[in-house]
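K.L.:
this one's structure only:
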């Protein structure tokens, strides 16, 4: 690779709000989104909640000649076969003219994703995942990730907090283990996390990703970079009452490894309306970033996660996440135990009803109560199995956090121990030079 290598990428990210039968004006919005992507000629468009492939409500503008498309929906396994309906799982990418088709593209489904009995929220049925595209651009390897985490429905009483933290950790681990050969890592998506939320801090500290909103010197868009704003006619004004400017839950995050330097030259957001037609493209605001990648000598790009202050922040957020997952494990086991007791009582009730029916005394009543008793028993069994699986998933994530936390503490202790030795060695060298 040439020493003066440089690459400019225009990135587009949007939660399209393309849920069939539920999203308003879906067809019209998707058509206008396709037209916008073709008009602006973005190098890479990473989308969530697309809602379907061509002919099923996806962006209808098509691709200009020579601009290939790739997406999680084209995986051999298929989105539907993975148990992820298209509205939540699809990620579409439009690649630059100079790019080859992706070397790899895959998806990873999150282990935990809400509760099936919370039917009115629907996250469990829609599914959540992270998609990965591995691109080779002028000799540079770019890993582009797109994801959508579980929604937050009540900030004061967030019953999904533990699952969202677990998803953030699973996402961080997926990026950590799949990006070892990448020169540049890019993550876009609807994280459903405020910038200071535990999941967001955990993701950034463990992966070392930088927030384009904080890094860019040229920002234009909604106040404080918010991606759900009260000016958007599709947004629930009641939900945004505590946040007069809106909330920032969609992100463009990136980093480069040693040998490369990446910066965000510009970052734009829509402000509650389509920049061309006026009506919103979605209930979320679009993010448009211009990233510049250039070659840089390795010594000029030290690892930002190795300093004492960075290790201290990492240890702090790992502790906080471990505590949250530990509480989640305890709660999941409590519900599983409760469901186990209900199963035991249900079995006793069924045995009693069988005895009464065989005796013939109150046979009609016993038969009448048989159906609801079986229903309660089956329901309790389903709840028991679900929460046992939830406890296992949270326990695995907690064990991973415990391991990483132990390694981080060891590194911190070694760093503290080595500092006095380094100072003593420096003093001895200085003394020898004076003599």
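P.N.:
Noted; the coordinates are in hand. What you see is a predicted model; the values in this text were computed from it and never measured.

K.L.:
The nearest residue in space to residue 226 that is not next to it in sequence: neighbour count?
P.N.:
In this structure, residue 226 finds its nearest non-sequential neighbour in residue 246, 3.4 Å apart by CB to CB, 6 or more residues apart in numbering. C-beta: built from backbone N, CA, C; applies to glycine. By the criterion of other CB atoms under 10 Å, residue 246 has 22 neighbours.

K.L.:
Quick one: mean pLDDT for stretch 340-352?
P.N.:
Mean pLDDT, computed over stretch 340-352, is 90.

K.L.:
residues in contact with that stretch?
P.N.:
369, 370, 373, 374, 376, 377, 380, 381, 383, 384 (CB atoms under 8 Å, 6 or more residues apart in numbering).

K.L.:
Quick check: helices, which of those are part of them?
P.N.:
Residues of those located in helices (DSSP state H): 369, 370, 373, 374, 376, 377, 380, 381, 383, 384.

K.L.:
so how many other residues sit close to the first one?
P.N.:
In other words, residue 369. When neighbours are defined as other CB under 10 Å, residue 369 has 17 of them.

K.L.:
Ok, the second one next?
P.N.:
One way to gauge burial is a neighbour count; for residue 370, by other CB under 10 Å, it gives 15.

K.L.:
From residue 368, how far off is the nearest residue to it once chain neighbours are set aside?
P.N.:
Leaving aside its chain neighbours, residue 370 sits nearest to residue 353 (5.6 Å; criterion: CB to CB, 6+ apart). Computed as CB to CB, to the nearest Å, the residue 353 to residue 368 distance reads 9 Å.

K.L.:
neighbour count winner among these two?
P.N.:
Neighbours were counted for residue 353 and for residue 368 using other CB under 10 Å; residue 353 has more, 20 against 11.

K.L.:
which element is the more buried one on?
P.N.:
Per DSSP states H and E: residue 353 is located in helix 308-359.

K.L.:
How far off centre is that helix?
P.N.:
25 Å (CA atoms, centre = their mean, to the nearest Å).

K.L.:
quick one on the thing from earlier: tell me how far the residue nearest to residue 370 lies from residue 133.
P.N.:
From residue 353 to residue 133 the distance is 58 Å (CB to CB).

K.L.:
average pLDDT for the helix or strand harbouring residue 146?
P.N.:
For residue 146, the element it lies in under DSSP H and E is strand 140-148. Average pLDDT, strand 140-148: 94.

K.L.:
Quick one: distance of that strand to the chain centre.
P.N.:
Using CA atoms, centre = their mean, the offset of strand 140-148 from its chain centre is 12 Å.

K.L.:
got the angle between the next helix or strand after it and helix 308-359?
P.N.:
Per DSSP H and E, the first helix or strand lying C-terminal to strand 140-148 is helix 161-178. Per axes from the mean of the first three to the mean of the last three CA atoms, to 10 degrees, the angle that helix 161-178 makes with helix 308-359 is 120 degrees.

K.L.:
For helix 161-178, name the packing helices and strands.
P.N.:
strand 129-137, strand 140-148, helix 198-207, helix 308-359, helix 363-434 (3 or more CB pairs under 8 Å, 6 or more residues apart in numbering; DSSP states H and E).

K.L.:
Compare these and report which one is nearest to residue 187.
P.N.:
Closest to residue 187 of the helices and strands packed on helix 161-178, according to CB to CB: strand 140-148, at 4.5 Å.

K.L.:
quick one: residue 207 and residue 172 touch, right?
P.N.:
Yes. If you go by CB atoms under 8 Å, residue 207 and residue 172 touch, sitting 5.2 Å apart.

K.L.:
shared neighbours of those two, anything?
P.N.:
Residues touching both residue 207 and residue 172 (CB under 8 Å, 6+ apart): there are none.

K.L.:
any idea how far the residue nearest to residue 320 when sequence neighbours are not counted lies from residue 205?
P.N.:
Leaving aside its sequence neighbours, residue 320 sits nearest to residue 198 (CB to CB, 6+ apart; 5.7 Å). Residue 198 sits 11 Å away from residue 205, going by CB to CB.

K.L.:
Return every residue with contacts to both of these two.
P.N.:
Common neighbours of residue 198 and residue 205, using CB under 8 Å, 6+ apart, are residue 317.

K.L.:
got a pLDDT number for residue 156?
P.N.:
On pLDDT, residue 156 comes in at 89.

K.L.:
residues near it, how many?
P.N.:
The tally of other residues near residue 156 (other CB under 10 Å) stands at 5.

K.L.:
what do you get for the one 4 residues further on?
P.N.:
In terms of burial, residue 160 registers 22 neighbours under the definition other CB under 10 Å.

K.L.:
Spatially nearest residue to it (excluding sequence neighbours)?
P.N.:
Here the residue nearest residue 160, using CB to CB, 6+ apart, is residue 150, at 5.1 Å.
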